Every structure is written in C-alpha cells, then in structure tokens.
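Q: sharing a model that was predicted from the sequence below.
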Amino acid sequence: MSLLADAESAHLRQAQPLAVRMRPRTLAEFVGQQHFLGEGRLLRRLLKADRLGSVIFYGPPGTGKTSLARLLATETKSHFRQLSAVTSGVKELRDILDEARHRLAATGERTLLLVDELHRFNKAQQDVLLPDVEEGVVILVGVTTENPFFSINSALVSRSRIFQFQPLSKEDIKTLICRALTDAERGLGRWPVNIDEDALEFLAEVSDGDARQALSALEVGVLSSQQFPLQFTRQLAEESVQRKAVQYDRLGDAHYDSISALIKSIRGSDPDAALYWLARMLEGGEDVRFLTRRLVILASEDVGNADPAALPLAVAAAQACEIVGLPECQLVLAQTVTYLACAPKSNAATIGIGEALRDLRQGRLLPVPVHLRDASYAGAKRLGHGVGYQYAHDHPDAVAAQDYLGVERIYYRPTDRGYERQLAERLEAIRARLRQAKDHTQQ
C-alpha cells in the first residue's frame, strides 16, 4: 500500500508544472521580498519570536505569496489548511474553523488557514472569519492581488498585518531559473541544458517580476525540444514565452495606481513614462472617457496659463475620442498626453482658487462693493448701487483704477514659465493701477 501511495504521489508530482514543483521547501530557499522577510525585518522577527498572527499577503501574481504561506505553516508548526475564495462557500469555511477550534482545544495545535483570492469572498463570508481571527483560533493568511484597503473588510484588515509583495528582481528570476535547471529531483536537472546568458537575461526581463511566467517559459522551451544536450538560446526563449496578460482591474488597485502614475508623469514632464502608462491603461481596457476627463482636469490644474492652448487641446481630444472611438482614438490620446507632458507647467490658478475657497470657508465673507452691485433695476440708484462704477473700456488698456474686492488680497501669482511670464508682467502693471483706487479710498 505504501509503494502504491508513493507511486501515486510521484505521478501527481510529475503532472505539476515546473513552477509548482520548484516551490521553496524552507525559508532559506525562498527568493525575494527581503524588505519584510530579510534578517531583522518584521516578518522574520515575528517568526523568531513565535508571535505570528493573521496576515494579508498582497501583491502581483508569481511573487511567492502562496509559497510563503505554506512555509509559515511549517515555521509555526501549525496544521495547514487551504481553500480558495473562488470555489469555497460559507459552509466549508465554517467546517474548517470548527475543526480548528476543536484541534486547538484538544491538542494545543493551531491551524494556519490560507485563503487564496481572499478579496473574492463577499462581506458576509469575510465576517465569518472575524471571531476566530480575533481570538487566535486560526492564523489567517489571506492572499490577494487586490489592495486590501479597497477590497477587504476594514474589520478584518485591522486585525491583520499587511505585507505587500513586490515583483521579483531580474536577479531573483535568474536565480530561480538556474536553480530549476540544476535540480534533478523537482526541476529540469535530468536533462542536459546549457542556457545562453542573453536567453537568461531575456527571460528575466520579459517575465516582469513573475516567477511563474519565467519558469513556465523555461519548461516549455526545454520540454518542447527534441535534441539533447540542449543549448537554450535567445531565439528559443522568445519562442517559449507567451504574451503576458496585462494585470488590470478597472475598479481596483491597478486602475488607481496607473492613473496616478500617468498624471504624475505628465506633471513631471516625462512624455515617455506618460505614454507607457497610457498604453498600460488602454491595453487593460480602461474607459476612454475616464482618461479624457482626467486630461482635461490636468490641463487646467497643472499646465494652466503657462500654456493656454493646453485646455482647448484636451477638450478637443475628448470630443475627438467620442467621434473616432477605439482603436484610432489612442492616437489622439497619445498626441494630447505628449503635448501636455512637454508643455510648461503652472499650478498658479489651482493654488489661487484653493486660497480663495479657504478664505470663504474660514468665514471671510466680503460684501460686494456698492459700486459693483447690480444697477439694472428700478430703484437701484436710490440704494446707491452702481454709483461710481467706472466702465473699464473707457480707460487706457481697458483698466480702470477701481477697487473690485474691498480688501487687499492676492490669490493669483503667475509663474515665470511659458505664457504666464507675459501675464505676470502685465498683471504687475494692472495691480499697480488698481492699488491707486485702494490708496485713494483709504485717504
């Protein structure tokens, strides 16, 4: 019976993809995430002190979230249970929690429960976990690719430590590839394979920090070859790589992070980065109307009067995208994004309206000066409304020495960039003339 079980286990292992077979068996074998798992870092300290509580592992695919969760069960000497939020319901979850409570009471052994795709549980399902997580009956390891602050109940988040996984570095990916090529038990070491340096570099680059992607391409390249010893070349690597799907959720973390990166790249005057983030969003299926709205806002918020053509261009782009639609409207968006990125920048108008609103909200409510009040109705003059108003076009440069606010306030401070430099020079002369009216009034 033992021989039969061993044979079955071996057959199942052989059917597993390389990325699954090469999962680390110890923390020493684990690659990456040294910002929280390195010596002296938080997770390592918690393990050494045997103080690990519930955690949420958040990050992109192929970065070791599930592998590390399995290792934690070994490190904490806990009973390991795993379920997927995609296929499991409340009944199965309650059964595992009841079993964990009985085991803890009977033997003192805790249960480490790995919930894959935790964000796929609805609120009611997530709430089922709360009592046992809070009481320490289970060590919950929630694995998710979505920002937990958006997708997981705040009560569950507050009871868990969050560890954000980063894409693996190129050196990390190279380490995993070389390990897989030399491991004869779990990897590809039984086949004589020599990989070219440029092929290794290509796989590390194109995998985009995803170990699963890199190992899958390696396995395809080796197992699809008919002649050994095999020289794994750059051409073979290129043929073995499948196009990586863009990880993008229009309602989730990728949406907010990508638009933030796009706006900040344009604001920072980097058209190349801006084009990349634009392409990332378009490839991910982002709503074009959302993009054009944000570009219209940016044209006023970050370019402003430094380039007055920016806002009309952004508005025209929004209209053009409505007319043309995808895929051609990506050309309109690319033109607009690059123009806005290269345009001189000013947030003077943005700061100005913010200061004016702050004054109002702090109770600084100014009465409309009498000479500026509406004088178009019968009886207005009897109230003195409009008396003394000077029609601007009757004065040189259409500027009358007249008080328009009643107090001294400066909200708009043009920069010395782009067209705003000319506005600043003109405004200096205008303000000098307007002060004459205030000085005259004070006398």
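A: Cool, the structure landed. Residues are numbered from 1 along each chain as shown.

Q: next one: E201 from S154, what distance?
A: With distances taken as CB to CB, to the nearest Å, E201 is found 43 Å from S154. Backbone N, C-alpha and C define where each C-beta goes, glycine included.

Q: higher neighbour count, the two?
A: Neighbour tally, E201 and S154, criterion other CB atoms under 10 Å: the higher count belongs to E201, 15 against 9.

Q: just the element for L83, please.
A: Element membership of L83 [criterion: DSSP states H and E] is strand 79-84.

Q: strands paired with that strand, and their directions?
A: strand 111-116 (parallel) (DSSP bridges).

Q: quick check: buried residues in stretch 68-83?
A: Under the neighbour-count criterion of 16 or more other CB atoms under 10 Å, stretch 68-83 has 68-73, 75-76, 78-83 buried.

Q: hmm, back to that, what mean pLDDT does the strand holding L83 get?
A: Over the span of strand 79-84, the pLDDT mean works out to 91.

Q: quick one: the strands in the stretch 1-150 of the chain, in order.
A: 55-58, 79-84, 111-116, 138-144 (DSSP state E, counting those that start in this stretch).

Q: if we can go back for a sec, max pairwise distance over the buried residues of stretch 68-83: which two?
A: Longest distance between any two of those is 20.6 Å, between E75 and L83; criterion CB to CB.

Q: would you agree G304 is in contact with N347?
A: Yes. At 6.4 Å, G304 counts as touching N347 under the criterion of CB atoms under 8 Å.

Q: neighbour count: the two, which is higher?
A: Each of G304 and N347 has its neighbours counted (other CB under 10 Å); G304 has more, 28 against 16.

Q: SS state for that one?
A: Here G304 is recorded as helix under DSSP: H, G, I helix; E, B strand; the rest coil.

Q: ditto for T350
A: The assignment at T350 comes out as helix when based on three-state DSSP.

Q: wait, it sits on V303?
A: No. In this structure T350 lies outside contact range of V303 using CB under 8 Å: 10.2 Å.

Q: who has more neighbours out of those two?
A: More crowded of T350 and V303, by other CB under 10 Å: V303, with 29 against 13.

Q: the more buried one against K345, yeah?
A: Yes. V303 lies in contact with K345 (CB under 8 Å); the separation is 5.9 Å.

Q: from the chain's centroid, how far away is stretch 293-302?
A: 20 Å (CA atoms, centre = their mean, to the nearest Å).

Q: which residues are contacting stretch 89-102?
A: With contact meaning CB atoms under 8 Å, 6 or more residues apart in numbering, stretch 89-102 is reached by 79, 81, 83, 110-111, 113, 124-125, 128-129, 132, 137-138.

Q: quick check: which ranges of the stretch 301-443 of the chain have low pLDDT?
A: 437-443 (pLDDT under 70).

Q: ok, now with 80
A: 436-443 (pLDDT under 80).

Q: same check on the stretch 101-250 of the chain?
A: For the stretch 101-250 of the chain, the stretches with pLDDT under 80 are 226, 242-250.

Q: where along it do the helices fall?
A: Using DSSP state H, counting those that start in this stretch, the helices of the stretch 101-250 of the chain run over residues 123-135, 148-151, 154-158, 170-182, 197-206, 211-223, 234-240.

Q: quick one: the first one to strand 138-144, angle?
A: When axes from the mean of the first three to the mean of the last three CA atoms, to 10 degrees is applied, the directions of helix 123-135 and strand 138-144 differ by 140 degrees.

Q: for helix 123-135, packing partners?
A: With contacts taken as 3 or more CB pairs under 8 Å, 6 or more residues apart in numbering; DSSP states H and E, helix 123-135 sits against helix 90-107, strand 138-144, helix 154-158.

Q: repeat that for the fifth one.
A: Packing partners of helix 197-206 (3+ CB pairs under 8 Å, 6+ apart): helix 170-182, helix 211-223, helix 234-240.

Q: would you turn the ones you listed into JSON lines with distance to V370 and mean neighbour count?
A: As requested, the helices and strands packed on helix 197-206 are arranged in JSON lines below (distance: least, CB to CB, whole Å; neighbours: other CB atoms under 10 Å):
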{"stretch": "helix 170-182", "distance to V370": "71", "mean neighbour count": "19"}
{"stretch": "helix 211-223", "distance to V370": "73", "mean neighbour count": "22"}
{"stretch": "helix 234-240", "distance to V370": "78", "mean neighbour count": "17"}
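
Q: tell me which of the ones you listed lies nearest to G64.
A: helix 211-223 (6.9 Å).

Q: angle of that closest one against helix 170-182?
A: Using the same axes, to 10 degrees: helix 211-223 against helix 170-182 is 40 degrees.
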